[in-house]
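[1] Build me a structure from this.
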Amino acid sequence: MADLRDLLQSADWKTEKHVPLIEVADKISKGEVLRIEVSVGKQIAHPNTTEHHIRSIELYFLASGEKFPYQLGRFEFNAHGESVQGPNTSTIFSEPKVSASFKTEKSGVVMAVAYCNIHGLWRSEKEITVD
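    Below you'll find the model as predicted:
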């Protein structure tokens, strides 16, 4: 039986088009609203065709000292040029970019997982500190 951890791939987002880029402040104050932006393909564009695309991004926060992460959001991208006329015939294409906001009084790690319909799951994470 496969272990999900073994299926999560990672690399530097500057050299691998599948890795989600997390853009968020490194340090915030307690109770401050933290805005997170996540995108796939910022440095190297990921294909966005009916046959090859980013299907979803999931966003989590693991607070320091806690066992389980909080799911902040799941974002699906459902328009990839498909239509009743066939693949890549539409002019509508979703872009794998999202933003979310939340408050926390604990430091922790923001984690993002992107799903490519051909190349599977890709992850990244970024630590934040709360003063």
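[2] C-alpha from now on. contacts and neighbour counts both.
    Will do.
[3] What distance do you get for Glu58 to Gly31?
    23 Å (Cα to Cα, to the nearest Å).
[4] gap between stretch 91-103 and the chain center?
    9 Å (Cα atoms, centre = their mean, to the nearest Å).
[5] er, stretch 102-119 actually
    Worked out by Cα atoms, centre = their mean, stretch 102-119 lies 6 Å from the chain centre.
[6] Endpoints of it, how far apart?
    With Cα to Cα as the measure, stretch 102-119 spans 30 Å from end to end.
[7] List the contacts of that stretch.
    Applying Cα atoms under 8 Å, 6 or more residues apart in numbering, the contact partners of stretch 102-119 are 18-20, 22, 29-35, 38, 40, 52-64, 72, 121-130.
[8] among those, which are in strands?
    20, 22, 33-35, 38, 40, 54-63, 72, 121-130 (DSSP state E).
[9] List buried residues within the residues you listed.
    Neighbour counting over these (16 or more other Cα atoms under 10 Å) leaves 20, 22, 34, 38, 40, 54-63, 121-129 as the buried ones.
[10] show me what contacts the residue nearest to Gly73 when sequence neighbours are not counted?
    By the measure of Cα to Cα, 6 or more residues apart in numbering, the closest residue to Gly73 outside its immediate chain neighbours is Leu59, 5.3 Å from it. Residues in contact with Leu59 (Cα under 8 Å, 6+ apart) are 71-74, 110-113.
[11] Show me what Leu59 bridges to in the sheet.
    Gly73, Ala112 (DSSP bridges).
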